[in-house]
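Student: Fold the following and give me the result.
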Amino acid sequence: MDALVAMLMHKRAQTDFSSSRRLAPPQLSVIISTYNRCSGLEPAMRSVLAQQAPNTPPFELIVVDNNSSDATAAVVERFARDDDRVRYVFESRQGLSHARNAGIDAARASLVAFTDDDVRADPDWVGAIVRAFSTHPDIDMVGGRVLPIWPALPPAWLTRRHWAPLALVDYGEQAFTITADQPKCLVGANLACRRALFDTVGVFATDFQRVKDGIGSLEDHEFMLRLWRAGRKALYDPRLTIRAEIQPNRLEPTYHRRWHRGHGHFHALLHSPEMERTRVGTLFDVPAHLYRQAVGDALGWVGAFATGRSARAFDHEMRLRFFAGFLTTRGSEFLKRRLTPREPRSRTPRITGPRQLSSELTSARVARSRR
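Tutor: Okay, the predicted model is just below:
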């Protein structure tokens, strides 16, 4: 039964719901990856399709259904029957990177953009992406602002210092280049790449991806690390603006505590050079500077809590949550290596040169003749 369902879904994934009318070749492929968010997906798709700027370049919208069990397929089908730009892809392997990579495989344009299923794209979003690449031929990636649509007035502690768990970005009104020497993180909710970049640095890694409702993942950051290692450049362009609906639970401290612990876990898996660099060494494979920072944050939390500075105490607590996630993951890996029995080393034959081999054969003959 499972094999039959998989076969039917695979066939479904290869078939567009759209009609067969021919469109101009797209200059941009927009990819939305979604999992069980059909209610939010509809307005997100509508905002992308309702590009109203004059001379909007031709584009396609690829919705990747990452094994949803809700009405996602029906929502996409309804759009596709009225708009030939819409395409549906089903990806059964769970995870955001798997979904994005399936979208990349299906994309027909030389430029590929990514956004989320809970966003509202500005009316000139598509045009701004294409213009950014056109005016900056040396750029391989471009990203922009992700601004919040709050469900209610955010609590006082939820300042811009705590925007990372919400995947919000706003680096100001001026565009600038992002390189390994001038690093800034862009997020996949508002990100576009030249398709050729994937041939150079690869697609999104599945070891650091968000799966279902997991949080704190690093698929965007890890991808940018590979871009920088390859000597490529990105661009922050504020003209690329989207707005993200913030889910009510993300205004609660509990969500941020979970996110920072998950973020620490994924950083422990990443082994990024900036995190691993240490002058002293490691304990349980955790760099010494992280212990030093954790001690400082513990003392800082006690001081801030004792003096009633709750916002300051929350900052310290979030860094401690990160450390806890990092330490737990590294510590378990360390213990697993120590407790796993080592396989006995197999004796490998000594490799000898022609002269040595001849000498050893002669010695063996002499030894036999003396017996």
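
Student: mind checking how far residue 281 is from residue 288?
Tutor: From residue 281 over to residue 288 the distance is 6 Å, taken as CB to CB, to the nearest Å. Bear in mind the C-beta positions are built from the backbone N, C-alpha and C, glycine included.

Student: between the two, which one's more packed in?
Tutor: residue 288 (13 against 7; other CB atoms under 10 Å).

Student: Name the nearest residue to the more buried one, ignoring sequence neighbours.
Tutor: Distances taken as CB to CB, 6 or more residues apart in numbering put residue 280 closest to residue 288, at 3.8 Å, once the chain neighbours are dropped.

Student: give me phi/psi at that neighbour?
Tutor: Reported as degrees, to the nearest 10, the phi and psi values for residue 280 are phi -100, psi -40.

Student: The one 4 residues further on now?
Tutor: Backbone torsions for residue 284, taken as degrees, to the nearest 10, come to phi 60, psi 40.

Student: Could you do the one 5 residues further on as well?
Tutor: Dihedral angles phi and psi of residue 289 (degrees, to the nearest 10) take the values phi -70, psi -30.

Student: Give me the distance between the nearest residue to it once chain neighbours are set aside and residue 291.
Tutor: Spatial nearest neighbour of residue 289, excluding adjacent residues (CB to CB, 6+ apart): residue 278 at 5.7 Å. Per CB to CB, residue 278 is found 10 Å from residue 291.

Student: ok, these two, which is more surrounded?
Tutor: Legend: neighbour count by other CB under 10 Å for residue 278 and residue 291, higher for residue 291 (17 against 14).

Student: Would you confirm that that one belongs to a strand?
Tutor: No. When classified by DSSP: H, G, I helix; E, B strand; the rest coil, residue 291 is found to be helix rather than part of a strand.

Student: Can you verify my assumption that it contacts residue 283?
Tutor: Yes. If you go by CB atoms under 8 Å, residue 291 and residue 283 touch, sitting 6.7 Å apart.

Student: Tell me how many other residues surround residue 157.
Tutor: When neighbours are defined as other CB under 10 Å, residue 157 has 16 of them.

Student: sorry, that was for residue 133
Tutor: Residues contacting residue 133 under the criterion other CB under 10 Å number 21.

Student: if I pick the closest residue to it other than its chain neighbours, what's in contact with it?
Tutor: Excluding its sequence neighbours, the residue lying closest to residue 133 (CB to CB, 6+ apart) is residue 111, at 5.9 Å. Residue 111 is in contact with 27, 28, 29, 129, 130, 133, 192, 193, 194, 195, counting by CB atoms under 8 Å, 6 or more residues apart in numbering.

Student: The third one in helix, strand or coil?
Tutor: Think residue 29. The local conformation at residue 29, judged by three-state DSSP, is strand.

Student: Residues in a beta bridge with it, which ones?
Tutor: residue 60, residue 112 (DSSP bridges).

Student: Tell me how far residue 167 lies from residue 273.
Tutor: As judged by CB to CB, residue 167 and residue 273 stand 24 Å apart.

Student: The two: which has the busier surroundings?
Tutor: Regarding residue 167 and residue 273, a neighbour count based on other CB under 10 Å identifies residue 167 as having more, with 21 against 9.

Student: you'd agree the more buried one is up against residue 186?
Tutor: No. Using CB under 8 Å as the test, residue 167 is too far from residue 186 to be in contact (10.5 Å).
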